[in-house]
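Asks: no sequence on hand, only this structure:
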């Protein structure tokens with residue numbers, strides 16, 4: 001349970017830090033979403049940086065800083081060179097990170113050389129790919145990463161073993177690939193889409209019973225974060241269900257699911273958990289469920305204080321100096 005709660009806290013920390021959200025034009029990276037991608041997660045970093053206090057929130061959160069450092073170690077790309085990020089995949093072999101950048105390919109290669117990163121070049125049809133060794137301190141893994149400029153401002157970062165599959169999935173025309181997923185209304189700066197049915201039961205295989213207990217009736221799910229007045233924010237979700245009956249049942253069950261999650265996440269802070277639960281609303285709308293977690297400025301401040309205290313609590317203090325060593329230093 002401790003590991004699950006820690007992962008939930010990391011994810012929620014990221015959510016809080018990117019909650020300063022406005023509305024942006026649709027991203028050019030959507031043209032490179034491969035056919036068969038069942039899960040998308042998008043963030044407009046340029047617009048987030050323009051939000052007052054975003055950099056300060058990142059700098060004040062050790063957990064967030066750890067995630068950013070891990071990103072740069074894994075993908076060999078400095079985050080300040082990225083304007084947009086779009087992760088796309090199917091939860092199996094087809095997966096990759098699409099990066100919008102103002103860094104020309106020649107400068108990117110020179111940056112790798114200057115940083116002491118060795119890389120090799122390999123041809124995949126007409127595309128030239130840079131292959132580097134990369135790793136994740138958080139996931140404790142090493143991988144062979146492929147980096148490829150798809151156009152002068154768009155880079156694909158993917159594991160080498162899945163690169164041919166990704167390129168093959170780009171062959172259908174962009175309009176047919178775009179028809180397979182939905183972007184939330186208003187093209188928000190942070191959003192996600194998941195074809196849950198395909199993710200949980202690939203190729204029609206039987207769904208895991210635990211996942212099925214929660215998600216069996218949901219076909220697709222979209223979510224986005226929006227800025228509210230007074231320093232607040234809202235998380236909106238739309239779940240497309242099998243029919244109106246399953247939508248009504250899901251809308252009735254969601255507050256209970258949130259109560260269980262909040263009790264785990266805010267263990268030791270029952271009032272905060274209660275206030276988060278009270279800020280949640282869900283309703284059935286035809287074959288869909290529309291849900292929203294609306295956090296006002298006061299609650300947002302308390303959530304931020306909670307995350308900062310949790311981050312400080314996880315920092316390991318230095319080992320105490322043994323008494324004999326203290327005496328020797330005093331002399």
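Replies: Right, received. Where do you want to start? None of the values given here were measured: they were computed from a predicted structure.

Asks: for the rest of this, base every contact and every neighbour count on C-alpha atoms.
Replies: Fine.

Asks: tell me who's in contact with the closest residue to residue 189 other than its chain neighbours.
Replies: Distances taken as C-alpha to C-alpha, 6 or more residues apart in numbering place residue 44 nearest to residue 189, at 5.0 Å, with adjacent residues excluded. When contacts are counted by C-alpha atoms under 8 Å, 6 or more residues apart in numbering, residue 44 is found next to 24, 83-85, 189-190.

Asks: longest helix of this protein?
Replies: Counting by DSSP state H, the longest helix found in the chain is helix 244-265.

Asks: buried ones in it?
Replies: Residues of helix 244-265 classed as buried by neighbour count (16 or more other C-alpha atoms under 10 Å): 244, 246-248, 250-251, 254-255, 259, 261-265.

Asks: coming back round to it: buried subset of the contacts of residue 44?
Replies: Buried among the contacts of residue 44 (16+ other C-alpha under 10 Å): 83-85, 189-190.

Asks: quick one: the helices in the stretch 101-250 of the chain?
Replies: Ranges of helices in the stretch 101-250 of the chain, per DSSP state H, counting those that start in this stretch, are 105-114, 163-168, 174-178, 196-200, 209-215, 244-265.

Asks: of all these, which lies closest to residue 281?
Replies: Residue 281 sits nearest to helix 244-265 of all those, at 7.7 Å, using C-alpha to C-alpha.

Asks: I'd like the helices of the stretch 101-250 of the chain as TSV, with mean pLDDT and distance to residue 78 appended.
Replies: TSV is the format used below for the helices of the stretch 101-250 of the chain (pLDDT from 0 to 100; distance: least, C-alpha to C-alpha, whole Å):
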stretch	mean pLDDT	distance to residue 78
helix 105-114	87	10
helix 163-168	91	22
helix 174-178	84	28
helix 196-200	82	31
helix 209-215	74	36
helix 244-265	94	31
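
Asks: would JSON lines of those with distance to residue 225 be doable?
Replies: Listed next are the helices of the stretch 101-250 of the chain as JSON lines, based on distance: least, C-alpha to C-alpha, whole Å:
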{"stretch": "helix 105-114", "distance to residue 225": "32"}
{"stretch": "helix 163-168", "distance to residue 225": "28"}
{"stretch": "helix 174-178", "distance to residue 225": "22"}
{"stretch": "helix 196-200", "distance to residue 225": "20"}
{"stretch": "helix 209-215", "distance to residue 225": "22"}
{"stretch": "helix 244-265", "distance to residue 225": "17"}
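
Asks: and of the ones you listed, who's closest to residue 32?
Replies: helix 174-178 (7.3 Å).

Asks: neighbouring contacts of that closest one?
Replies: So helix 174-178 is contacted by 30-35 (C-alpha under 8 Å, 6+ apart).

Asks: any of these buried? List them.
Replies: 30, 32-35.

Asks: closest one of the residues you listed to residue 299?
Replies: Using C-alpha to C-alpha, residue 30 comes nearest to residue 299 of those, at 34.1 Å.

Asks: any idea how far the closest one is from residue 296?
Replies: Using C-alpha to C-alpha, to the nearest Å, residue 30 is found at 32 Å from residue 296.

Asks: let me see the ranges of the strands in the stretch 51-200 of the chain.
Replies: For the stretch 51-200 of the chain, the strands defined by DSSP state E, counting those that start in this stretch cover 82-89, 95-101, 119-124, 127-136, 141-151, 154-159, 190-194.

Asks: columns mean pLDDT and distance to residue 169 on top of those, output as TSV?
Replies: As requested, the strands of the stretch 51-200 of the chain are exported to TSV (pLDDT from 0 to 100; distance: least, C-alpha to C-alpha, whole Å):
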stretch	mean pLDDT	distance to residue 169
strand 82-89	93	11
strand 95-101	93	11
strand 119-124	88	14
strand 127-136	81	14
strand 141-151	85	14
strand 154-159	92	13
strand 190-194	92	18
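
Asks: now these in a markdown table, with distance to residue 170?
Replies: Converted to a markdown table, the strands of the stretch 51-200 of the chain look like this (distance: least, C-alpha to C-alpha, whole Å):
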| stretch | distance to residue 170 |
| --- | --- |
| strand 82-89 | 12 |
| strand 95-101 | 12 |
| strand 119-124 | 13 |
| strand 127-136 | 13 |
| strand 141-151 | 11 |
| strand 154-159 | 12 |
| strand 190-194 | 19 |
